[in-house]
Each structure stands twice: as C-alpha cells, then as structure tokens.
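1. turn this into a model:
(2 chains)
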Amino acid sequence: MKNPLRYRLAFAFIVVIIVVPMMFPFFWMFMSSIKTQVDIIHWPPKFIFEPTLQNYSRVFNEQNFLLYLKNSSIVGACAVFFSLLIGLPAAYSIARFMQKRLLMLILVARLMPGISFLMPWYIVFSRLRLMDSYIALILSHMLISLPVVVWVMSSYFESIPIELETAAMVDGASRMRAFLVIVLPLSVPGIVTATTLCFIFSWNNFMFSQVLSMEKTRTLPIAVYNFMSYAEVDWGGVMAAAVAIIAPAIILTMIFQKYVIRGLTMGAVKG
Amino acid sequence: MKQGNFFERNLKIIFPMPAVFFVLLLMIFPVCYTLFISFSDWSLTAGRPMRFAGISSYIKVLNEPRFFDAIIRTFVFTAGAVAAEAVLGTIIALILNRTFKGKELLKFLLLLPLVATPVAIGIMWNLFFDPTIGFLNYVLDTLGLPKSGWVTEPSTVLASLMLVDVWQWTPMITLIILAGLAGLSPEPYESARVDGASALQTFFRITLPMIMPTILTAVILRAVDALKTYDIIYAMTRGGPGYSSETLNILAYKFSFEYFNMGQASAVLVFLFLLVLAFSLGVMKIRKKFEL
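-> Sure thing, here's the model as predicted:
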C-alpha cells in the first residue's frame, strides 16, 4: 500500500475492466429472471423495472422441478461416494507402489470424449433394461469422477510422509489399518477437493444424462434444456430455471473456494 | 491370520482392483464394442440384425462432406478459442499477480464461469445474443454499428460460440498461471534488481521463461477439453443453423442418437477416438521435450 494513489486508482480501473464483462452475463441472467415477459422483450433493454418472482413460481410449480432436483442430488452424491470408495484405494496404491501405468489408464478416461462411450452404453443399458435407471446414470457419472478422485488423491497421498505409515506398521498395524487409521484422516483436505469437484461435474453433466435418463430419472440440466426448447418464448422462466440450477454450484464454490481452486489448477502447476 | 497375510502381500493388486475393473467395463469394453460395430452396417431404425459390412461405414463417413467440415470446424474452434484464452488469461494473471484488497473475492468471481452449469451458460448467452432483444445488439446499436445475427447466422455462429468459450475458460488459465506465479522463487528477481534490470527486461528474461511451462500445460489441458466441447454448442445451436456449427462431437451425437445409424456413428467415433489419442500422444511428446 505504499503505491501512490494514482497507481492504485489505475489498478482498480483495470480490475473493473476485467470483472465487468466477466460478471455481466450472470447479472443480466439474474435481472431477466425477475423481469416480466413484457420487460424482457422491451427494446431498448430495460435497466429499471418492477421486479417479479412469478418466473420462479412458474418454474417450481409447473415443472417437475423438485423431482429433477432430487434426481440430480441422488446421482451426484452416489457417483461421488462410489468413486471415492473405489478411487481412494487405487490412488493410494498408485502413490505408494509407483503404479504409473495404472494412473495413465485411469486418466485416459479424462482425455477421451464422453460421446465415444455413450453409444455402446446406450445399447448395453437398453438390453439390460437399465435405461432411465439410477444405476446407469451413476455409473456413467462415475467415469468422470473416478479420474478426478484418482488424480487429486494420488498426488495428495504422495505428499503425506511415508514414515507415519511405516512407524505404525513397525508397531504391528497392517498396511490396510495404516491406510484407514492414519492416511485417510490426514487426507481430508484432498478428499474435500475431490468431492466438491466431482459433485459439481456430476451436477453440471449434460451429455450422459441426456441419453441415459428419461422421465423418471431426468436430471436438472436436461430439464432446463427441455424447458428452453419447448418454451423458447418464455425467457423469464428459462432464466429463472438457469439461475436455480447454477445457484447450488456457486454456493458450493463459495464454501469450498480454496479447495476448488486447488483442484482445478493442480494438474498444471504440479505437472 | 494366513488370509490377512495374503491380503497384505497382494495389497498393490487388491487395492486398485475395483477401479481397474470399473475402467475395463465402462471404458475399454465400450471402445472395443464401438470398433466392432463400426465394421457392420447396423442401424437401429432399419429393424434388421447386424451384418458384417467391412469398411463400408468408414468409406461412407469419409465421403460425407459434413464429416470433413466438422473436423475443420473442431480445429478452428479449438485453436482460436484456446489461443485467445492463453493470451488473455496470461495478461490478466500478470495484472492480478500482486496483493490487494479483495483478491480472494476476485478469485471467487473468476471461478464462477468455471463451475456454472454449461447448459445454463448456453441459455444465458442465447438471450445475450438474441438478434431482436439481445443485449449485445443493443451495445452494437448504441455504438452506431450494424446489428449482428450472432448464433443465428452461419457466418458468425462459430465465432460467437468461440466468444462464449473464451468468456468461460479464460479464468481457468488465469487461475492456473496465478498459482504458477505464486510458486516462483524470489531470488532471480532480487539479483535482477541488484543488477538494475528494467521492468521489461525482468519480465521477458525472468518471469516469462519461468512460467512458460505452466502456460504450456494450461493450454494443453484446455485444448484437450476444447476439442470435446459439447454441452454449450448443443444447448445454444444444436450444430445449426444448418450444419454451420457442427463439431465432431455434435456430429457423432447426431449420427448415434438422432439418425440411429450405429455403423456410421461408430466409424465417426473411431476417428474421433484416434484424433484425441494422437493429440494426447503428441502432447506427451511435447511435455517430455520441455521436461514438464
């Protein structure tokens, strides 16, 4: 803060130039969600208007919104839970036994376009009568979250000094016990990072749910998309739905900001 | 006791087993199955059993003009958007790389486009782009410029989609580079100051070379994802108007789930698969060369 005032003002000005274009679409979306249809299609666009909540009440009442909310939450929570269940031991094994090839294999899932698995899944899940089931959706979302868990956690486990485990094992504990009682409790920050990212990715997923879910298990992104395609003129309702689906991801990010940043940037910085 | 020993001795196999099994079942098997179908003329709408058809699906796909257009479009989209993101993201990171009040809040704002649901982002930009009521045409109008059709015109649709991608993902590059800058050692800067280097010299001789690996990795990560962009394009244009924003992913989706022509869809998927594989291998070579 030793800089003279004019430098600080210039810096503030530049920050405003960066932030305004970045935030304006969100701002406009929110404004439109509390406008009446007449105000939305008004030209030139209105900045001062009488706010209304009718768009939100229309979305929540007319649509099966609560069902889709439930579906998205169940699929997201289960995909995260099962990815942790099978991903944590795999990540530990990769970190402690230097299984680089295994890491590569699992990371290939991160590189491949999801669509290249989707058509075979569609055929197999149809044959098994698993279309429109939670199982199919959760399995597909796990293909996104498992690589995230393995990626985040294998490097986290590597950062935990191995001496803690060897000491416990000298005292007679099994490696399994050392993993459960010593390593896992120390890894909570890493697990929080992986969990938050995986849940957000599942929450936002469009492609897999678009093909594998129908009326019964439809998730929010599909519902919002469908709402837009049959109610294209109802901009207010569509914007209210968009705000409603973005809000939980933003709230999660607000709570776990540090972890989300670490998770998103770790790949590049650590190398 | 004996069982416990067996478990302990084979931990390095038992621990990764469920994850490996999962990957084989949901990733490796589907890829093989796709390869298998690509040599058939199977179509879900024709109502006849699968027949071996040699490489006819591949020939049909290679003769499909939409396929080549989609390849070129995918590359243009990826190269253009990622290049813009790299330049803008780096500049913004360099500007923000200092301590100031509200930095944490700013980082939170940077995260918003990254965590917001892509479908909702697409919808939000569609309102923004709308030719008759959209805010962007209001801006053009106010500036005395002609209005644009944005995503409703074949000539501007790809550029408009790239604009959305740049808006959404520049913050990612910025955050990565900010993290990289925070990890730089202060010593070279101290010696540079002692030697009386100018700010410009310090930047080009010290900062840039030191963060180059970070920039490169960020660009690679972003390019892999940009090649696969699907949600936003589908939500905003479904590949239209006409076929003018059809990328490989969108084309593959349409072949599979709109035309249900599984043979040709599989052939497109195999090409897409090889493309991403080739890109990833190339990337690994580059990473080795730069010792990242």
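
2. show me the shaky parts of chain A.
-> A:1-3, A:63, A:231-232, A:267-271 (pLDDT under 70).

3. what residues are up against the residue most central in space within it?
-> Within chain A, the residue whose C-alpha comes closest to the C-alpha centroid is A:I200; the distance, by CA atoms, centre = their mean, is 1.4 Å. By CB atoms under 8 Å, 6 or more residues apart in numbering or on different chains, the contact list for A:I200 reads A:249, A:252-253, A:260, B:115. (Glycine included, C-beta is placed from N, CA and C.)

4. let's have those residues in JSON lines, adding distance to B:F67.
-> Output for the contacts of A:I200, formatted as JSON lines (distance: CB to CB, whole Å):
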{"residue": "A:A249", "distance to B:F67": "35"}
{"residue": "A:L252", "distance to B:F67": "40"}
{"residue": "A:T253", "distance to B:F67": "39"}
{"residue": "A:V260", "distance to B:F67": "38"}
{"residue": "B:V115", "distance to B:F67": "34"}
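
5. helix, strand or coil for the residue nearest to the centre of chain A?
-> Applying DSSP: H, G, I helix; E, B strand; the rest coil to A:I200 yields a three-state assignment of helix.

6. okay, it and B:E187: tell me how far apart.
-> Between A:I200 and B:E187 the computed distance is 38 Å (CB to CB, to the nearest Å).

7. for the stretch 51-200 of chain B, what spans make up the helices?
-> Counting by DSSP state H, counting those that start in this stretch, the stretch 51-200 of chain B has helices at residues B:56-62, B:65-96, B:103-115, B:118-129, B:135-142, B:157-182, B:187-194, B:199-202.

8. looking at those, which is buried most?
-> Comparing the helices of the stretch 51-200 of chain B on average neighbours per residue, with mean count of other CB atoms under 10 Å in any protein chain shown, the densest one is helix B:118-129 at a mean of 25.

9. next, the angle from that one to helix B:103-115.
-> Relative orientation of helix B:118-129 with respect to helix B:103-115: 100 degrees, computed using axes from the mean of the first three to the mean of the last three CA atoms, to 10 degrees.

10. quick one: pLDDT of B:A46?
-> The score at B:A46 is 63. That number is its pLDDT.

11. what do you get for the one 3 residues further on?
-> Listed pLDDT for B:P49 reads 69.

12. do B:L269 as well
-> On pLDDT, B:L269 comes in at 87.

13. buried set for the strand or helix carrying it?
-> With secondary structure defined by DSSP states H and E, B:L269 is part of helix B:262-289. Within helix B:262-289, the residues that qualify as buried are B:262-273, B:275-276, B:279-280, B:283, counting by 16 or more other CB atoms under 10 Å in any protein chain shown.

14. which of those residues are close to chain A?
-> Among the buried residues of helix B:262-289, the residues that sit close to chain A (CB under 8 Å from any CB of the partner chain) are B:262, B:265-266, B:269, B:272-273, B:276, B:280.

15. show me which of those is closest to B:V166.
-> Sorting these by how near they are to B:V166, with CB to CB, puts B:V276 at the top with 21.8 Å.

16. please tell me how far B:L208 sits from A:V243.
-> Distance, B:L208 to A:V243, using CB to CB: 41 Å.

17. with A:F60 instead?
-> When CB to CB is the yardstick, A:F60 and A:V243 sit 12 Å from each other.

18. do A:Q54 as well
-> As judged by CB to CB, A:Q54 and A:V243 stand 14 Å apart.

19. more neighbours: the two, which one.
-> When A:Q54 and A:V243 are compared on other CB atoms under 10 Å in any protein chain shown, the one with more neighbours turns out to be A:V243, at 21 against 14.

20. quick one: which helix or strand includes the more buried one?
-> Taking DSSP H and E as the definition, A:V243 sits inside helix A:235-255.

21. quick one: list the elements packing against whichever helix or strand comes after that helix.
-> Stepping forward along the backbone from helix A:235-255, the first helix or strand reached (DSSP H and E) is helix A:257-270. Helices and strands in packing contact with helix A:257-270 are listed as helix A:134-158, helix A:188-204, helix B:103-115, helix B:157-182, helix B:208-227; criterion 3 or more CB pairs under 8 Å, 6 or more residues apart in numbering or on different chains; DSSP states H and E.

22. so can I have CSV of those helices showing distance to A:L67?
-> Formatted as CSV, the helices and strands packed on helix A:257-270 follow (distance: least, CB to CB, whole Å):
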stretch, distance to A:L67
helix A:134-158, 13
helix A:188-204, 16
helix B:103-115, 24
helix B:157-182, 29
helix B:208-227, 31
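
23. out of these, the one nearest B:G54 is which?
-> Nearest to B:G54 among the helices and strands packed on helix A:257-270 is helix B:208-227 (29.0 Å), distances taken as CB to CB.

24. other residues contacting whichever helix or strand comes after that closest one?
-> For helix B:208-227, the following helix or strand on the C-terminal side (DSSP H and E) is helix B:231-237. By CB under 8 Å, 6+ apart, the residues outside helix B:231-237 that reach it are A:204, A:206-207, A:221, A:225, A:228, B:118-119, B:121-123, B:125-126, B:151, B:157, B:161, B:164-165, B:168, B:239, B:245, B:247, B:249-250, B:253.

25. give me that answer again for 6 Å
-> Under the criterion CB atoms under 6 Å, 6 or more residues apart in numbering or on different chains, residues A:206, A:225, B:118-119, B:122, B:126, B:151, B:161, B:245, B:250 lie in contact with helix B:231-237.

26. show me how far that helix is from its chain's centre.
-> Between the centre of helix B:231-237 and the centre of its chain there are 14 Å (CA atoms, centre = their mean, to the nearest Å).

27. stretch A:215-222 now?
-> Worked out by CA atoms, centre = their mean, stretch A:215-222 lies 16 Å from the chain centre.

28. what lies in contact with it?
-> For stretch A:215-222, the external contacting residues (CB under 6 Å, 6+ apart) are A:68, A:71-72, A:132, A:134, A:137, A:206, A:209-210, A:245, B:117, B:119.

29. so which pair among those is furthest apart in space?
-> Considering CB to CB, no two members of those lie farther apart than A:D132 and B:T117, which are separated by 21.4 Å.

30. so those two - more neighbours on which side?
-> In terms of neighbours (other CB under 10 Å), B:T117 is the more surrounded of A:D132 and B:T117; the figures are 27 against 15.

31. if we can go back for a sec, return the item of the contacts of helix B:231-237 having minimum pLDDT.
-> When the contacts of helix B:231-237 are compared on pLDDT, B:V151 comes out lowest, with 85.

32. contacting residues for it?
-> Neighbours of B:V151 in contact, by CB under 6 Å, 6+ apart: B:129, B:157, B:160, B:236-237.

33. number of residues surrounding A:I48?
-> Here the number of neighbours of A:I48 (other CB under 10 Å) works out to 5.

34. ok, now how distant is it from A:F26?
-> Distance from A:I48 to A:F26, by CB to CB: 19 Å.

35. low-confidence ranges, the stretch 151-292 of chain B, go.
-> In the predicted model of the stretch 151-292 of chain B, residues B:290-292 satisfy pLDDT under 70.

36. what parts of it come near chain A?
-> Applying the criterion CB under 6 Å from any CB of the partner chain, the portion of the stretch 151-292 of chain B that neighbours chain A consists of B:175-176, B:179-180, B:214, B:217-218, B:221, B:224, B:228, B:230-231, B:235, B:249, B:252-253, B:256-257, B:265, B:269, B:272-273, B:280, B:292.

37. one more time with 7 Å, if that's ok
-> Within the stretch 151-292 of chain B, the residues that sit near chain A (CB under 7 Å from any CB of the partner chain) are B:171-172, B:175-176, B:179-180, B:183, B:213-214, B:217-218, B:221, B:224, B:228, B:230-231, B:235, B:249, B:252-253, B:256-257, B:262, B:265-266, B:269, B:272-273, B:276, B:280, B:292.
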